[in-house]
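Enquirer: Sequence and predicted model, in that order:
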Amino acid sequence: MRHTIAEIAAALGAECAGETGFAVSGVAEPGQAGPDDLALCVNPKYAEGLAQGQAQVAMLWPGADWQAMGLRAAIFAPRGRLAMAGLTAMMDPGPAIAPGVHPMSVIDPSAEIGAGAAIGPFVTIGAGVRIGPKARIASHVSIAEGARIGADALILHGARIGARVTIGDRFTCQPGAVIGADGFSFVTPEKSGVEEIRETLGQRDSIRAQSWTRIHSLGAVTIGDDVEIGANACIDRGTIRDTTIGAGTKLDNLVHVGHNVQIGRDCLLCGQVGIAGSARIGDRVVMGGQCGVNDNIFVGDDVICGGATKVFTNAPAGRVLLGYPAVKMESHVEMQKALRRLPRLAAKVAELEKVIQKS
């Protein structure tokens, strides 16, 4: 599908100039842009790339001299990445899922499928499931009994939705995600070594054989509106109450949310984040890749955790954390500076020891 510069600018609420009737069929980075592409050059540091490509039109930063760049037209984006969000949504054709229900899918007679739904091949939908209007479900998805999924859902290839899971509107689920698996919850008949160490902070009176007994997961998972779950992410069902994820929250690939976890609204959890059981995460929390959160603690609203931060204790609202274990970012920076000074400090101490020994 082709779009004119004027149409794109109007959709983004941006200004444009030049031959605004010029139509493009795709978008590209400046150096790889073809003659029918809109080159994305929203920062002056990318301007040199325009000469390497064949772009005739581009999305530029405000005030850019588009004519000096040899362009026929330009769109001006005050906030480049925000404009890219709108542009990519406009250009994305989405998965090719034919309307209606594919004949090679298996849907329980008691399931309710909303109007305008598109369900691909090899999908299985269990008893009592309710799928909202205009849902799109790609091949090899399974949705277990009693699940509820809202309107305009997009569930991609191979995702697994467990029993009694409740999901809001405009849900996006990337391939391979699992929502509603059993929680990892086990107990020993006697006090385990782990429990003993937690109490003593490392001291063990004796080491003895122990075996693990499963605690079954009777809860489910409840997810709000406008949530996105990344590829191969895993969200465990609760033990008694549901694991919950608030509206607007986005989970990246390979994120793991343990049983009974509560995640607030508009959070952003990047790849390989792990949230242990019964932790509570506030609203608008951001966690970089490979962050970890201990079980049964609280991370307050608006906390930001840099990549690989490990949070072992409650984190107050608004705190910026970094490191293992997590500390204030400014403290972590000072600690790293001090760590780099240690070899010099050790050398100075060794010299002082020699002086003292001679005196």
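Expert: That came through fine. Residues are numbered from 1 along each chain as shown.

Enquirer: okay, now residue 347: neighbour count?
Expert: Residues contacting residue 347 under the criterion other Cβ atoms under 10 Å number 10. Using the backbone N, CA and C atoms, a C-beta is placed for each residue, glycine as well.

Enquirer: Which helix or strand contains it?
Expert: helix 329-358 (DSSP states H and E).

Enquirer: just checking, what packs against that helix?
Expert: Based on contacts counted as 3 or more Cβ pairs under 8 Å, 6 or more residues apart in numbering; DSSP states H and E, the elements that helix 329-358 packs against are strand 320-322.

Enquirer: Could you spell out the sheet neighbours of the strand it packs on, each with its direction?
Expert: strand 304-305 (parallel), strand 327-328 (antiparallel) (DSSP bridges).

Enquirer: Now do the contacts for the residue lying closest to residue 188 once chain neighbours are set aside.
Expert: Leaving out its chain neighbours, the residue that sits closest to residue 188 by Cβ to Cβ, 6 or more residues apart in numbering is residue 210, at 4.6 Å. Residue 210 makes contact with 188-190, 192-193, according to Cβ atoms under 8 Å, 6 or more residues apart in numbering.

Enquirer: Phi and psi next, for residue 45.
Expert: phi -70, psi -10 (degrees, to the nearest 10).

Enquirer: What residues are bridge-paired with residue 328?
Expert: Under the criterion used (DSSP bridges), residue 328 bridges to residue 321.

Enquirer: ok, it touching residue 321?
Expert: Yes - the pair residue 328 / residue 321 is scored as a contact, 6.8 Å apart, by Cβ atoms under 8 Å.

Enquirer: what about those two, which has more around it?
Expert: Just comparing residue 328 and residue 321: by other Cβ under 10 Å the higher neighbour count belongs to residue 321, 23 against 13.

Enquirer: So the more buried one sits against residue 327, correct?
Expert: Yes - with contacts counted by Cβ under 8 Å, residue 321 reaches residue 327, the gap being 6.8 Å.

Enquirer: Name the residues contacting each of these two.
Expert: With Cβ under 8 Å, 6+ apart, residue 321 and residue 327 have no common neighbours.

Enquirer: quick revisit: make TSV from the strands paired with strand 320-322 and add mean pLDDT and distance to residue 73 to it.
Expert: Compiled in TSV, these are given as follows (pLDDT from 0 to 100; distance: least, Cβ to Cβ, whole Å):
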stretch	mean pLDDT	distance to residue 73
strand 304-305	98	39
strand 327-328	96	48
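
Enquirer: just these: most buried one?
Expert: Sort these by mean neighbour count, taking mean count of other Cβ atoms under 10 Å, and strand 304-305 sits at the top with a mean of 22.

Enquirer: How about residue 84: what's its closest non-neighbour residue?
Expert: Using Cβ to Cβ, 6+ apart, the closest residue to residue 84 is residue 40 (6.6 Å).

Enquirer: how about that neighbour, secondary structure?
Expert: strand (DSSP: H, G, I helix; E, B strand; the rest coil).

Enquirer: for the helix or strand bottoming out on mean pLDDT in the chain, the distance to its chain's centre please.
Expert: Ranked by mean pLDDT, DSSP states H and E, the helix or strand of the chain with the weakest confidence is helix 193-200, at a mean of 87. Centroid displacement of helix 193-200 relative to its chain, using Cα atoms, centre = their mean, to the nearest Å, is 33 Å.

Enquirer: Next: stretch 340-358.
Expert: With Cα atoms, centre = their mean, you get 48 Å for stretch 340-358.

Enquirer: repeat for stretch 113-132
Expert: 25 Å.

Enquirer: What of stretch 168-184?
Expert: 12 Å.

Enquirer: buried sites along it?
Expert: 168-180, 183 (16 or more other Cβ atoms under 10 Å).

Enquirer: so what's the backbone phi/psi at residue 213?
Expert: Torsion angles, degrees, to the nearest 10, at residue 213: phi -110, psi 130.

Enquirer: Bridged to the residue nearest to residue 84, which residues?
Expert: residue 59.

Enquirer: gap between residue 351 and residue 359?
Expert: Residue 351 is 13 Å from residue 359, where distance means Cβ to Cβ, to the nearest Å.

Enquirer: Who has more neighbours out of these two?
Expert: Neighbours per residue, other Cβ under 10 Å: of residue 351 and residue 359, the larger number sits with residue 351, 10 against 5.

Enquirer: Any regions of this protein where pLDDT drops low?
Expert: Nowhere does the chain drop to pLDDT under 70.

Enquirer: between the buried residues of stretch 168-184, which is nearest residue 228?
Expert: Residue 228 has its nearest neighbour among the buried residues of stretch 168-184 in residue 172, at 4.2 Å by Cβ to Cβ.

Enquirer: mind checking how far stretch 129-137 is from the chain centre?
Expert: 22 Å.

Enquirer: Just the CA atoms of that stretch, as CSV, please.
Expert: The C-alpha trace of stretch 129-137 is given here as CSV (Å, rounded to 0.1, in the frame of the first residue of the first chain):
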residue,chain,number,x,y,z
VAL,A,129,-13.7,-19.5,26.2
ARG,A,130,-14.8,-16.1,25.2
ILE,A,131,-12.9,-14.2,22.5
GLY,A,132,-13.8,-10.6,21.9
PRO,A,133,-14.7,-8.9,18.6
LYS,A,134,-12.0,-8.4,15.9
ALA,A,135,-9.5,-10.7,17.6
ARG,A,136,-6.7,-12.1,15.4
ILE,A,137,-5.3,-15.5,16.4
